[in-house]
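In: turn this into a structure:
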Amino acid sequence: MSLLIGTAVGAFALDDPDMPVITGTRINHIARNRTGWWALDGKRRIHHNGDVMATAPEDVALNCLQVGHDAVWVGATEARLYRLEGHDLIEDEFFADAPGRAGWYTPWGGPPDVRSMAMDTSLSLFINIHVGGILRYDNTGLSSTIDMDADVHQVIAHGSRPGLILAACARGLAQSANGHDFDIRDEGLHAPYCRAVATIGDTVVVSASTGPRTTQGRLYRTGLDGGPFQACTEGLPEWFDDNLDTHCLAVWNGALYAGLAGMVWRSDDEGGTWEAVADGLPKITCLA
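Out: The predicted structure follows:
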């Protein structure tokens, strides 16, 4: 299967953008596992390989999903967490009473969201609340990790290095070697506001900009084990005129992909050089 591109009007395969996977609705997130692909759309539905598995209640928008070995987790508006059980979305009662919930917020005064999730090699679930930090959910329960005011936009777990958790934050790249304690890295960034993050090989790539509304966005790469960030400029615009957003960096079949506006770029050398592989698409919302 090709790279999948979620857009404001549906989901498409990169190798045949004229063949839609889902049509007529915004795609909020796409994820893959050994059973195929999963997607959340703007009509509150969760899809699996093209079939609608469940629909959320009318007051719930579905933002992100994490497919585990024995569960499908769905993050939603008002910082709600659901599990897919058959064709039903069941709200997680423990997360509904999560520690620190009363302090979660958004800068504009609206209710917080579950914005992204990740699962590490120990099957611990890391839940990014915007704005409320990252909660770790494992067999001991829920625990807070990073300072909620770090303003996390995406959390990921490294696929083969236990404990390695990374997060794109308003302060830079947050990185943890144990899944609990985070350090912020920003050396070399022109501005620290980060929205998307991905790893490939021994490299981590982030999108950074001057803030939520920006005309100076850029991709950067650095080593997982340290060092300053280096701007990714070869094959990319000097500046993006918007933020390359959460879930708009993806690794597929040994290559790194980035999507913004109606374009997709690919890098075959861990972000060193890039080439455009799709243009003229509807507004891109996510890649998988």
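
In: quick one: contacts for L244?
Out: 195-196, 207, 217, 219, 258-260 (CB atoms under 8 Å, 6 or more residues apart in numbering). C-beta coordinates here come from the backbone N, C-alpha and C atoms, glycine included.

In: also L125?
Out: If you count contacts by CB under 8 Å, 6+ apart, L125 has them with 66, 68, 73, 117-119, 136-138.

In: ok, now how distant is it from L65?
Out: Distance of L125 to L65, computed by CB to CB, to the nearest Å: 11 Å.

In: shared neighbours of these two, which are they?
Out: With CB under 8 Å, 6+ apart, L125 and L65 have common neighbours 73, 117.

In: so V251 makes contact with T199?
Out: Yes - checked against CB atoms under 8 Å, the pair V251 and T199 is within contact range at 7.5 Å.

In: need the overlap of contacts for these two.
Out: Common neighbours of V251 and T199 (CB under 8 Å, 6+ apart) do not exist.

In: pLDDT weak spots in this structure?
Out: Counting by pLDDT under 70, the chain has low-confidence residues at 1.

In: where do the helices sit along the stretch 1-150 of the chain?
Out: For the stretch 1-150 of the chain, applying DSSP state H, counting those that start in this stretch gives helices covering 93-96.

In: quick one, strands of the stretch 101-250 of the chain?
Out: 113-119, 125-130, 133-138, 141-144, 152-157, 165-169, 172-176, 183-185, 193-200, 203-209, 218-223, 226-232, 249-252 (DSSP state E, counting those that start in this stretch).

In: between these, which one is closest to P99.
Out: For these, distance to P99 was read as CB to CB. The smallest value, 5.8 Å, belongs to strand 141-144.

In: returning to what we had before: closest one to A11 among the strands of the stretch 101-250 of the chain?
Out: strand 249-252 (13.0 Å).

In: which other residues reach the following helix or strand past the closest one?
Out: Once the chain leaves strand 249-252, the next helix or strand it forms, by DSSP states H and E, is strand 255-260. Contact with strand 255-260 is made by 3, 5, 14, 198, 200, 205, 207, 217, 219, 236, 240, 242, 244-245, 248-251, 264-268, 270-271, 274, 277, 284, 286-287, as judged by CB under 8 Å, 6+ apart.
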